[in-house]
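The following block contains a protein sequence and its predicted model.
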Amino acid sequence: MSQPVRVRFAPAPTGLLHIGNARTALFNYLFAKKENGTFILRIEDTDVERSTDASIEAILQDLRWLGINWDEGPDARGSSGPYRQTQRLSLYRDHAEILLGERIVYKCFCSPERLESLRKEQLAKGMMPKYDGKCRSLSENETAKLESEGLRPVLRFRVGKGTVVFEDLIHGRMSFDTNGISDFIIVRSDGMAAYNFACVIDDHAMSISHVIRGEDHLSNTPRQILLYRAMGWQPPVFAHHPLILGPDRSPLSKRHGATAVSQYMEEGFLPETLLNYLVLLGWASPSGEEILTLEKIIESFSLPGLSRNAPAHSRKKLEWLNSHYIRNTDKDRLIQLLLPYFEKAGIPISAWAPEYLAQICLLLKENLSVLSQVEEYLGIFFDQKFSFEEEAKAILILPENKNLLQTILSTIEEYSEIKEDSASPLLRQLEEKTGRKGKPLYGLLRAGMTGKMKGPELVKTLPLLGKERMVKRLKMAMELS
């Protein structure tokens, strides 16, 4: 490449980090790592009414949790800082003054009411809404008079006639006729730089080589290129990736379920799962593999390899990936991840032997697609959470199962203790004494012992329950009516 690769992720801190934005950050990060470049985190907080420090901290925390680490940013050293736009306002003012002096931009005093009226009038005529240039030709005296009356103008960029053409690394050649672009605002009436203006100045000042972002920004790109031309700067290379859609092919939103990274974290998705899943939305490994380490992804990733088609979010696939990562997680890490859910469910983990808790975690991992599901099974192992589910009750109260339960109880009472080496012989003995095998026996046994119709392997569960608890629960089951 002709210049060092420098990319940026520039979120607006007005809420939680959406998985769509996290995917944009990931694509930037992967490209930087693949090209031995620099990944910059820039906070675009010029929307001062909605931006918060709490949101900034949450975004940083979510990115770190995903393993997306930046080389330069608000909390990291770098030669292009500061990395919050509200700390760069003087830079925007200086460039705005230059453009104003060169009459590349002009002061516009049109009220919001006039602009809204103009928009409605144009729509009623079947026209595309755009600013009509009313203030384009104001003289210096007219401008001074309006300002003396206390009116605060915006600064608008003069859009000339022509075509804006650029090569997009994902979509190919893109062309925009400037007839469809009205004179746009670069500085608002409160003096704050508008998005396109601040973005261009920052990207140039930070030597950004590639701008990788969602295709919802495609309409911004010709405006930004016009600003680059006006200031005599070389635009970066652009790559606009499709956005994530919901299962119904509409834009992914809260009505489709969780959309924020922090929500997935709280529910119990592993960071490597979400990272792996997000990169598969619109990109496929040349090897055809779907379960990929970060190192493998970096090795194979390319921007032209991103699909032009919008991917649909699949909760089912995300859970499938997560179940794989849970099953293959290191024992100590798995226990560390699961125990907070025990505590959330009201289990005082300090009152139990660490080895017992570890055995439960390792047994249940085969049944989990998200970590929080562990709470569904805690009643099996902790009496204060135990109860019979309605489906289990329906099986246990059947008249033909009463005698079977008594036979099971009598057989278990003959054992001195139920341990790992005695669980399998016990199950074989129950098959012999009841004359049943498979679901007719084990479904009933599971319902009576665990209160559930599904769960971890019985042969591994029974030793953790112990004889005394097994007998107690069978007697409770027999008393159901």
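In hand now; what should we look at? Numbering: from 1, shown residues only.

in the protein, which spans are strands?
Shown for the chain, the strands assigned by DSSP state E span residues 6-9, 38-41, 105-108, 154-157, 163-168, 172-177, 185-187, 210-214, 237-241.

So what touches the third one?
Yep, that's strand 105-108 we're talking about. Here strand 105-108 makes contact (Cβ atoms under 8 Å, 6 or more residues apart in numbering) with 96, 99-100, 131, 134-136, 138, 143, 147, 153-158, 183, 185-187. All C-beta atoms are positioned from the backbone trio N, CA, C, and that covers glycine.

mind checking how far that strand is from the chain centre?
40 Å (Cα atoms, centre = their mean, to the nearest Å).

Which strands border that strand, and is each parallel or antiparallel?
Using DSSP bridges, the strands paired with strand 105-108 are strand 154-157 (antiparallel).

can you pull the contacts of Ile40?
Contacts of Ile40 (Cβ under 8 Å, 6+ apart): 6-9, 70-73, 78, 80, 83, 206, 208.

picking up where we left off before, can I get the strands of the chain in JSON lines including distance to Trp320?
Shown next, in JSON lines, are the strands of the chain (distance: least, Cβ to Cβ, whole Å):
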{"stretch": "strand 6-9", "distance to Trp320": "28"}
{"stretch": "strand 38-41", "distance to Trp320": "29"}
{"stretch": "strand 105-108", "distance to Trp320": "53"}
{"stretch": "strand 154-157", "distance to Trp320": "49"}
{"stretch": "strand 163-168", "distance to Trp320": "33"}
{"stretch": "strand 172-177", "distance to Trp320": "34"}
{"stretch": "strand 185-187", "distance to Trp320": "47"}
{"stretch": "strand 210-214", "distance to Trp320": "26"}
{"stretch": "strand 237-241", "distance to Trp320": "24"}
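
Check those strands for me and report the most buried one.
Ranked by mean neighbour count under mean count of other Cβ atoms under 10 Å, those are led by strand 6-9, which reaches a mean of 26.

helices or strands up against that one?
If contacts are counted by 3 or more Cβ pairs under 8 Å, 6 or more residues apart in numbering; DSSP states H and E, strand 6-9 sits against helix 19-34, strand 38-41, strand 210-214.

Rebuild these as a markdown table, extending it with distance to Leu458.
Putting those into a markdown table (distance: least, Cβ to Cβ, whole Å) gives the following:
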| stretch | distance to Leu458 |
| --- | --- |
| helix 19-34 | 38 |
| strand 38-41 | 50 |
| strand 210-214 | 49 |
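
Could you dump those into TSV and include distance to Val237 and mean pLDDT?
Listed next are these as TSV, based on distance: least, Cβ to Cβ, whole Å; pLDDT from 0 to 100:
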stretch	distance to Val237	mean pLDDT
helix 19-34	11	97
strand 38-41	15	98
strand 210-214	5	97
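
so which of the ones you listed gets nearest Ala284?
helix 19-34 (13.8 Å; Cβ to Cβ).

The closest one vs strand 210-214, what angle?
Orientation of helix 19-34 against strand 210-214 (axes from the mean of the first three to the mean of the last three Cα atoms, to 10 degrees) gives an angle of 160 degrees.

What residues sit buried inside helix 19-34?
19-34 (16 or more other Cβ atoms under 10 Å).

got a list of what the nearest residue to Leu275 once chain neighbours are set aside touches?
Using Cβ to Cβ, 6 or more residues apart in numbering and skipping residues adjacent in sequence, the residue nearest Leu275 is Leu66, 5.4 Å away. The contact partners of Leu66, by Cβ under 8 Å, 6+ apart, come to 22, 25-26, 261, 271, 274-275.

Which one of these is nearest to Met231?
Of the contacts of Leu66, the one sitting nearest to Met231 (Cβ to Cβ) turns out to be Ala25, at 27.4 Å.

Who does the nearest residue to that closest one once chain neighbours are set aside form a beta bridge with?
Using Cβ to Cβ, 6+ apart and skipping the chain neighbours, the partner closest in space to Ala25 is Phe9 (4.1 Å). Counting by DSSP bridges, Phe9 forms beta bridges with Leu41.

all helices in the stretch 351-481 of the chain, in order from the N-terminus.
Listed in chain order, the helices of the stretch 351-481 of the chain (DSSP state H, counting those that start in this stretch) span 354-364, 374-381, 390-396, 399-413, 420-434, 438-450, 458-478.
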